[in-house]
Every structure is written in C-alpha cells, then in structure tokens.
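> Sequence and predicted structure are below.
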Amino acid sequence: MPDIRGDALRGHLETLVLSALRRGEAHGFEILRRLEEAGSQVLKLKEGSLYPALYRLEAAGMIKGEWEDGATARRGPRRRVYRLTSKGRRRFTAACGEFQQFVATMGRILGTAV
C-alpha cells in the first residue's frame, strides 16, 4: 500500500491530532509517533505540517499546550506538551460523525459502499 501523505491528509490532520491526544498529553514528536504507529507506518507526516496544526488547534481552544517543567531529568531543550480540552473532545466527536458520513457518501459514489 502506498504511503499516505500531503493532499490525502489535507482537511483531516487536525482531527488526527485530536485523536492522538485522546490517549493522553504528548509533545509534538510523540504525537507524530502515535499517528504513524496507529497508521501502521503508512501514514507519513512531517513536522512542518504538524506544528501549524497544533498552533491552529491551540488558538481555537481545542488543545492546551504548556512548556515542560525545567526540573525534569531529561536532557535537551524543553518541549511543549499538549493536552485535549473539553472543546477539543467535542470537536473530535463531531468530526468522527462527519468523516463517517463522508466515507459512506464516497463509497456510494465509487460503488464500494462499506
């Protein structure tokens, strides 16, 4: 199966990020890892696509980001850790319904209804 990239993800990336954060708070690289793992390594995301989506979701109040506490024993720069808000949970639920409707409609059009 070919990798899923770019245009195929457009319009769905924010919902995918909300889904990844349902498993708990995470920094950007962890979100990428969760999505690639859940997509059986077929889903290929770039940090350059992920971070603008995180900023949009945060500005919309669907996620909240906070800088890691500087007292952690981890080496390297501090990371911004994101968590889902109640508004984000509601948006995720609505997006799932919208996506199911989209898939059903596309299936009818293509003759491959699921």
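Yep, it's here.
> And the longest helix belonging to the chain, what does it pack against?
The longest helix of the chain (DSSP state H) is helix 86-110. Applying 3 or more Cβ pairs under 8 Å, 6 or more residues apart in numbering; DSSP states H and E, one finds that helix 86-110 makes contact with helix 13-21. Every residue, glycine included, has its C-beta placed from N, CA and C.
> Contacts for the helix it packs on next, please.
For helix 13-21, the surrounding residues in contact (Cβ atoms under 8 Å, 6 or more residues apart in numbering) are 9, 26, 31, 34-35, 38, 43, 45, 49-50, 53-54, 56-57, 62-63, 82-84, 88-89, 91-92, 95-96, 99.
> 7 Å instead, please
26, 31, 34-35, 49, 53-54, 56-57, 62-63, 82-84, 88, 91-92, 95, 99 (Cβ atoms under 7 Å, 6 or more residues apart in numbering).
> Restricted to strands, list the residues you listed.
26, 63, 82-84 (DSSP state E).
> I'd like the residues you listed written out as TSV, with neighbour count and distance to Ser19 added.
Formatted as TSV, the ones in strands among the contacts of helix 13-21 follow (neighbours: other Cβ atoms under 10 Å; distance: Cβ to Cβ, whole Å):
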residue	neighbour count	distance to Ser19
Ala26	19	12
Ile63	25	12
Tyr82	24	13
Arg83	13	14
Leu84	23	9
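> ok so, going back, in the longest helix of the chain, which residues are buried?
88, 91-92, 95 (16 or more other Cβ atoms under 10 Å).
> One more: stretch 11-22?
Within stretch 11-22, the residues that count as buried by 16+ other Cβ under 10 Å are 13-21.
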